[in-house]
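[1] coordinates only, sequence not included:
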């Protein structure tokens with residue numbers, strides 16, 4: 001009897017795809033302007049992979065960093081990976097035509113905060129725009145532009161009542177949560193709070209697009 005199954009039956013499921021493959025990513029992000037906000041956590045090293053793969057896939061990637069984030073990874077690293085200047089101060093004036101954070105917020109097709117620390121999560125929820133990341137995010141129209149965040153903190157911080165309240169409010173405000181995962185943490189604890197892996201985050205970006 002002939003096999004009538006379609007070719008699509010043999011296609012990999014979303015979970016089986018390599019979401020770090022620049023060819024696959026290009027289908028979703030080529031020509032798109034993406035903001036990646038980096039905050040002060042050791043998981044910032046994972047964001048190097050995300051920025052690099054998005055840029056290789058043809059996205060116009062712009063990076064903003066909190067002051068704490070620059071203690072983990074230098075802005076020069078992200079400038080090299082993205083091909084664009086890095087915003088690491090609320091006083092940055094990268095573009096002369098308008099305040100830098102407003103111009104970038106207006107052009108964004110998607111924003112990602114990864115890692116998103118406990119402190120940055122609180123800033124996002126309570127409207128504190130005292131650093132470059134929260135300032136640019138505060139100028140984005142969330143009704144038009146998806147804003148994703150990937151929490152990263154140790155297990156005790158993740159399980160704080162304040163964190164749970166802030167997560168609930170962030171989702172209610174329209175932010176899209178990615179992770180976190182569970183496992184070994186830099187603080188030598190094992191539990192929930194690990195930032196999701198770059199491939200999972202890139203998948204979330206594509207789905208949001």
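    That came in fine, so what should we check first? Quick caveat: nothing in here was measured; it's all calculated off a predicted structure.
[2] Whichever strand or helix holds residue 53 - contacts with which helices or strands?
    Element membership for residue 53, per DSSP states H and E: helix 44-56. Judged by 3 or more CB pairs under 8 Å, 6 or more residues apart in numbering; DSSP states H and E, helix 44-56 is in contact with helix 22-29, strand 33-38, strand 60-65, helix 75-82, strand 110-116, helix 198-208. In this view, the C-beta of every residue, glycine as well, is placed from N, C-alpha and C.
[3] If we go by neighbour counts, what in it is buried?
    Going by neighbour count (16 or more other CB atoms under 10 Å), the buried part of helix 44-56 is 44, 46-56.
[4] Which residues are in contact with residue 201?
    Residue 201 is in contact with 46, 50, 112, 114, 148, 150, 178-179, counting by CB atoms under 8 Å, 6 or more residues apart in numbering.
[5] can you do 10 Å?
    Contact analysis of residue 201 by CB atoms under 10 Å, 6 or more residues apart in numbering lists 19-20, 36, 46-47, 49-50, 53-54, 112, 114, 148, 150, 178-179, 195.
[6] Report the angle between the helix or strand hosting residue 166 and strand 110-116.
    Element membership for residue 166, per DSSP H and E: helix 161-172. Orientation of helix 161-172 against strand 110-116 (axes from the mean of the first three to the mean of the last three CA atoms, to 10 degrees) gives an angle of 170 degrees.
[7] Neighbouring strands - and their directions - for the helix or strand just after helix 161-172?
    Remark: after helix 161-172, the chain's next helix or strand is strand 176-177, criterion DSSP H and E. Using DSSP bridges, strand 176-177 pairs in its sheet with strand 147-151 (parallel).
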